[in-house]
Each structure stands twice: as structure tokens, then as C-alpha cells.
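Enquirer: Below are the sequence and a predicted model; questions follow.
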Amino acid sequence: MKPNFKPGKNIAIKVPAHEFEKTVNFYKAVLGLKQIDVDSPDQFDSVAFEFGDKNLWVDKISGISQAEIWLEIETDNAVEAKKYLEGQGCAVRDEIEPLPPTLNGFWLSSPSNIIHLVVE
């Protein structure tokens, strides 16, 4: 049985450390997006903005050479979703970034290497 999937509320831009401040300034000062206060369990610097009905995260990541866009997908059953997606030949990428132990989800790569956080 195919699990249900829908867009999540978060979009993350993983930005090289040397571009972080300029990227945050672009969204905050140049575009004038509203910065929101949110607690992040991550071990790197993050700034979040309102982005329509989504949260746009700008994450400072050391050791990458270019920015990446990461998307969130919600499902009604993460265990079944993982089995289904693996059965479809999708690459589960749990090594990408540690998830909090309380988060019921996993990392997935699209065929074009866009990273998705699939959460219940």
C-alpha cells in the first residue's frame, strides 16, 4: 500500500560557511523577509524566515562548496514510507545529518540528488 505524502512546512538552504552572512542578509535586508524565532536542535548556526506558509531555513554548513536546497515531506507512517520508497529504488540517506531521537523520520535523495526529510 502506498503511504500518503504531502509537502512539509520547512525548506532548508544549506549554505557554505563563507556565504552564510551574505545569504542571511539577502533574505533579511534585501528581500525584507520576516525573521522568525525558532529553536533548532541542530549543531550548526541557522536563521529562519517566514516564506509564505513555509519556514525558510538558512543553515551554515562547514565543508560544502555550494548551496543546496533541502525539502520536507510529511507522511502518515514513516516506517511504511521508508519501505515503500526503498522499494521504488529511492536512496535513503540517513548518514546525511543526524536527526533528533524523538523525530520519526528519515533522509531521502531524489533521483536528481535533492535531499528530502520525510517525517511522520
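Expert: Right, received. Where do you want to start? Residues are numbered from 1 along each chain as shown.
Enquirer: Just the pLDDT for Pro41.
Expert: According to the model's per-residue confidence, Pro41 sits at a pLDDT of 69.
Enquirer: Next: Pro98.
Expert: Checking the pLDDT column for Pro98, the value is 92.
Enquirer: so who does the residue located most distally from the centre of the chain touch?
Expert: Ranked by distance from the centre of the chain (CA atoms, centre = their mean), the top residue is Met1, with 26.0 Å. Under the criterion of CB atoms under 8 Å, 6 or more residues apart in numbering, the contact partners of Met1 comprise Glu80. Every C-beta, even on glycine, is put in place using the N, C-alpha and C of the backbone.
Enquirer: likewise Glu68?
Expert: Taking CB under 8 Å, 6+ apart as the definition, contacts of Glu68 comprise Ile13, Lys14, Ile115.
Enquirer: how near is it to Ser109?
Expert: Distance of Glu68 to Ser109, given as CB to CB, to the nearest Å: 11 Å.
Enquirer: joint contacts of the two?
Expert: Once CB under 8 Å, 6+ apart is applied, the residues that Glu68 and Ser109 both contact turn out to be Ile115.
Enquirer: that older thread, rebuild the contacts of Glu68 as a markdown table, extending it with secondary structure, neighbour count and pLDDT.
Expert: Conversion of the contacts of Glu68 to a markdown table gives the following (DSSP: H, G, I helix; E, B strand; the rest coil; neighbours: other CB atoms under 10 Å; pLDDT from 0 to 100):
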| residue | secondary structure | neighbour count | pLDDT |
| --- | --- | --- | --- |
| Ile13 | strand | 18 | 96 |
| Lys14 | strand | 20 | 95 |
| Ile115 | strand | 18 | 96 |
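Enquirer: TSV please, covering these and showing distance to Ser62.
Expert: Converted to TSV, the contacts of Glu68 look like this (distance: CB to CB, whole Å):
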residue	distance to Ser62
Ile13	15
Lys14	11
Ile115	17
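Enquirer: Grab the longest helix from the chain for me.
Expert: helix 78-87 (DSSP state H).
Enquirer: residues near Pro7, how many?
Expert: Residue neighbour count, defined by other CB atoms under 10 Å, stands at 12 for Pro7.
Enquirer: Find the nearest non-adjacent residue to Phe49, please.
Expert: Ranked by CB to CB, 6 or more residues apart in numbering and with sequence neighbours excluded, the top spatial neighbour of Phe49 is Leu33, at 4.1 Å.
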